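Q: I would like the atomic coordinates for the input below:
(6 chains)
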4 protein chains.
Amino acid sequence: MADSAVQRLDEVLLVAESLFAQRGYEATSVRDIAEALGLQAGSLYAHIESKDDLLHQILSRAAERFFLATKPIVESDLVPVEKLRRLMLAHVQVITSDLNAAAVYSTEWRHLSEPRRGEFAARRDEYEGMVRCMVRDCIREGTFGDVDEKFATLLILSSMNWIYQWYKDDGPMTPEDIARKLTDMLFKGLRRPVG
Amino acid sequence: MADSAVQRLDEVLLVAESLFAQRGYEATSVRDIAEALGLQAGSLYAHIESKDDLLHQILSRAAERFFLATKPIVESDLVPVEKLRRLMLAHVQVITSDLNAAAVYSTEWRHLSEPRRGEFAARRDEYEGMVRCMVRDCIREGTFGDVDEKFATLLILSSMNWIYQWYKDDGPMTPEDIARKLTDMLFKGLRRPVG
Amino acid sequence: MADSAVQRLDEVLLVAESLFAQRGYEATSVRDIAEALGLQAGSLYAHIESKDDLLHQILSRAAERFFLATKPIVESDLVPVEKLRRLMLAHVQVITSDLNAAAVYSTEWRHLSEPRRGEFAARRDEYEGMVRCMVRDCIREGTFGDVDEKFATLLILSSMNWIYQWYKDDGPMTPEDIARKLTDMLFKGLRRPVG
Amino acid sequence: MADSAVQRLDEVLLVAESLFAQRGYEATSVRDIAEALGLQAGSLYAHIESKDDLLHQILSRAAERFFLATKPIVESDLVPVEKLRRLMLAHVQVITSDLNAAAVYSTEWRHLSEPRRGEFAARRDEYEGMVRCMVRDCIREGTFGDVDEKFATLLILSSMNWIYQWYKDDGPMTPEDIARKLTDMLFKGLRRPVG
DNA sequence: CATGAATGAGACTTCATTCAT
DNA sequence: GATGAATGAAGTCTCATTCAT
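A: Model prediction:
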């Protein structure tokens, strides 16, 4: 693909992402997206294969960002609790760096057609499993008390995944602030009662 | 409205709620709902005014359940932290008593047409404000540490609002278990450091 | 299906048949058909499942007419040459009784989607095989000379299947005239040289 | 036009002819043709004026082959029945030498746009008229019996024009075999009863 | 109440064609 | 010559909704 084609595709994905985030996948028409780009509806098909393909590309890129940002952390030799802390920071950074992507990633994946939907769900489960592993290690290690593993994992993930609903780029908190506050609070709640 | 009419409407709402929860409002056609009821699409209009009206009724009933369950708590004379604890229990109970309603309430309200959407958002903000008040009282009172009020409120709400995504009626945790675990953990995290 | 629904469907099939015969399946739009019926394009879908289904129904009915008209002849005890003669008469009668159906049957079946296309081709081959059997019997019996069986079969079929291209209801020849002329001529050509 | 351009155009026509024969004109997109040539759709327009023009060129060339092959025969001094016999041989040779062209010639001409369609029909009628003349002469001369002139003409033409549907290059019959069998059979059928 | 045919709008997508590069 | 992005029209089909029966 030529450079200009790559750029144009990026533009298309960005615009679609924004509309999907705002209105939802089903409530966004191909015409809406084309219009936002100053194109006719049919012209979009020089860049994408289908509306479903569009969603798929957006979701794939979002998933990749999560995996890319967290991979080095997962593979590091840090102690469990520190690993989890850094993963949460990275996760929050990915979310806040592209709120639209986070919104689409969170809520629109179910509109993927099969078999993509299944594949996406599998990757999502894989990611959740990774976090759960860290939580388990924290429990084993004794950093966390005797909390329910699954429950703790979902609490951590859900608290991060709602950030896109209220975060503002120009708000008073940086992504780092948010991540710190979140980990401080949740870890204190999860930590083994001392003494 | 005759008793049988009320019953039939309830049935319609229940079926629609389930489909909206599963597939989303936009991805559910009036035909789908009718079919699930063993009817023709046109026949639904003997019971509802429009698809939008259907969504509105579902959301109104859901909202009502939240307000009904929390009103006595809000108006009670309990100490702030206890008020919050009981509100969270009630909230979790409402969610787990009708997961489909919770799902629709969480994700489909944006597909309401105006002015209903605005009204819904206002009620939602009102509810959030109520919780925020309780959080503020907990901070003032000294039960909670010097946490960001808005941040804490959203953390509490978001952690509850994701329950519908994983809760199972026949799972090992009762709604009460969940509420207790949640409040235990979050309150420990939010509590003022002792000493 | 109610009587009126049956009638309406018949009307739809008749109109579609006529347009498919005139312009071809691909060159006929659903809108064209609807317009010819005084309907909106979408309204057709109260009667048919898809454009492909429309073609399929037309072809199925046409095929059925051929099989229905020829079955008693095939199962009869007539001598081979008489069997063939009567089959040709029946075939010509079916063609001339609905020229549009004959045209669609002859030329548009390849636009069926799979697996229907394959099924149609199989039925067509079956019919051809039946005619070929009769031809073979005529050769064995000695009525026909030592002609190539396949060649003779295709000559017979093709000469009948072009009738729809020039036959006029108000022309000077009745279907019976045509069938007689055709059999007279072809059988003379195929007959074993006497002496 | 440069030699290379002529070659390229020939290639385009050949590929288009094949696709039109296989799928039909309307079911073949310009993209399909381009793809079969290893080109982009837009690039075809360096070689052709329009899709309609493409069909027109294919049909013109096919028509030309028929006229070229039959002209010397028509202008010859042979006796009528021998003329007709040779014309049929030539006709069969043209058909079998390019089955795709024969298929397109037979079935796709109706998709020409006006006024080309009218012109094509006129040439076709002219050709048919020519054959009809020969048939008439055969009747006058007494070689053929008192058969219907038009009927006989169409029988002859239709029996030849279906050959493309079953002829195989590697089959057991040469074009000459086919032509001989056909004339033998049809002429026997048409011949004046002796005695 | 329920049906089912009808509407008019709009969905996604493909089409033949153009044209700057 | 070829590319590929763009157009404007048109394709099939689904949608929410209405209404006579």
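
Q: What about A:Leu182, how many residues nearby?
A: Neighbour count of A:Leu182, defined by other C-beta atoms under 10 Å in any protein chain shown: 22. Every C-beta, even on glycine, is put in place using the N, C-alpha and C of the backbone.

Q: actually A:Leu54, sorry about that
A: Other residues lying near A:Leu54 total 23 when counted by other C-beta under 10 Å.

Q: residues in contact with it?
A: With contact set as C-beta atoms under 8 Å, 6 or more residues apart in numbering or on different chains, A:Leu54 has these partners: A:Val12, A:Leu13, A:Ala16, A:Ile33, A:Ile48.

Q: any residue of the helix or strand hosting it up close to DNA strand F?
A: Using DSSP states H and E, A:Leu54 sits within helix A:51-74. No. Helix A:51-74 stays clear of DNA strand F (C-beta under 7 Å from any atom of the strand), getting no nearer than 11.9 Å.

Q: show me the residues around A:Leu99 that make contact.
A: Each residue near A:Leu99 by C-beta under 8 Å, 6+ apart is listed here: A:Ala21, A:Tyr164, A:Tyr167.

Q: For chain A, which segments count as helices?
A: Using DSSP state H, the helices of chain A run over residues A:3-23, A:30-36, A:51-74, A:80-97, A:99-107, A:116-141, A:149-161, A:175-190.

Q: for chain A, which spans come out with low pLDDT?
A: Applying pLDDT under 70 to chain A picks out residues A:190, A:192-195.

Q: please redo it, this time with the cut-off set to 90
A: In the predicted model, chain A carries pLDDT under 90 at residues A:1-6, A:141-148, A:150-152, A:162, A:166, A:171-172, A:181, A:184-195.

Q: How is it divided into domains?
A: As given by automatic domain parsing, the domain ranges for chain A are A:1-48, A:50-190.

Q: Out of the ones you listed, which is the most enclosed?
A: domain A:50-190 (a mean of 18; mean count of other C-beta atoms under 10 Å in any protein chain shown).

Q: which bits of chain A sit near chain B?
A: Within reach of chain B by C-beta under 8 Å from any C-beta of the partner chain, chain A has these residues: A:23-24, A:26-27, A:107, A:110-111, A:147-148, A:150-152, A:154-155, A:158-159, A:161-162, A:165-166, A:173, A:178, A:181-182, A:184-191.

Q: Now do the same contact list for the residue nearest the centre of chain A.
A: In chain A, the centroid-proximal residue (C-alpha atoms, centre = their mean) is A:Ala102; its distance is 4.7 Å. A:Ala102 makes contacts with A:Ala62, A:Val94, A:Ile95, A:Thr96, A:Asn161, A:Ile163, A:Tyr164, as judged by C-beta under 8 Å, 6+ apart.

Q: Going by distance to DNA strand F, which of the contacts of A:Leu99 wins?
A: Distances from DNA strand F to the contacts of A:Leu99, taken as C-beta to the nearest atom of the strand, are shortest for A:Ala21 (22.0 Å).

Q: hang on, isn't the closest one packed against A:Tyr105?
A: No. In this structure A:Ala21 lies outside contact range of A:Tyr105 using C-beta atoms under 8 Å: 9.5 Å.

Q: Of all residues in chain A, which one is closest to chain D?
A: At 11.1 Å from chain D, A:Ala46 is the closest residue in chain A, using C-beta to the nearest C-beta.

Q: Can you tell me how far that residue is from A:Asp10?
A: Between A:Ala46 and A:Asp10 the computed distance is 15 Å (C-beta to C-beta, to the nearest Å).

Q: next one: A:Glu128
A: A:Glu128 is 29 Å from A:Asp10, where distance means C-beta to C-beta.

Q: which of the contacts of A:Ala102 lies closest to chain C?
A: A:Ala62 (36.0 Å).

Q: show me the contacts for the closest residue to A:Arg124 other than its chain neighbours.
A: Using C-beta to C-beta, 6 or more residues apart in numbering or on different chains and skipping the chain neighbours, the partner closest in space to A:Arg124 is A:Trp109 (7.4 Å). Going by C-beta under 8 Å, 6+ apart, A:Trp109 touches A:Leu59, A:Arg117, A:Phe120, A:Ala121, A:Arg124.

Q: which residues touch the third one?
A: The neighbours of A:Phe120, taking C-beta under 8 Å, 6+ apart as the test, are A:Leu59, A:Ala63, A:Trp109, A:Leu112.

Q: Need the max-distance pair from those residues.
A: Using C-beta to C-beta, the pair of the contacts of A:Phe120 lying farthest apart is A:Ala63 and A:Leu112, separated by 11.7 Å.

Q: Show me what from chain A comes close to DNA strand E.
A: Residues of chain A lying near DNA strand E by C-beta under 7 Å from any atom of the strand: A:Thr28, A:Ser29, A:Val30, A:Arg31, A:Asp32, A:Ala41, A:Gly42, A:Tyr45, A:Ser50, A:Lys51, A:Asp52.

Q: Skipping its backbone neighbours, what lies nearest the last one in space?
A: The spatial neighbour of A:Asp52 that comes closest, neighbours along the chain excluded (C-beta to C-beta, 6+ apart), is A:Ser113 at 4.9 Å.

Q: do the same with the fifth one
A: The spatial neighbour of A:Asp32 that comes closest, neighbours along the chain excluded (C-beta to C-beta, 6+ apart), is A:Leu19 at 5.8 Å.

Q: try the second one
A: Residue nearest to A:Ser29 in three dimensions, not counting chain neighbours: A:Ala41, with 7.9 Å by C-beta to C-beta, 6+ apart.

Q: go on, A:Tyr105?
A: A:Ala62 (4.3 Å).

Q: still on that earlier bit, any chance of the domains of chain A in a markdown table, with distance to B:Ser4 too?
A: Formatted as a markdown table, those follow (distance: least, C-beta to C-beta, whole Å):
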| stretch | distance to B:Ser4 |
| --- | --- |
| domain A:1-48 | 34 |
| domain A:50-190 | 35 |
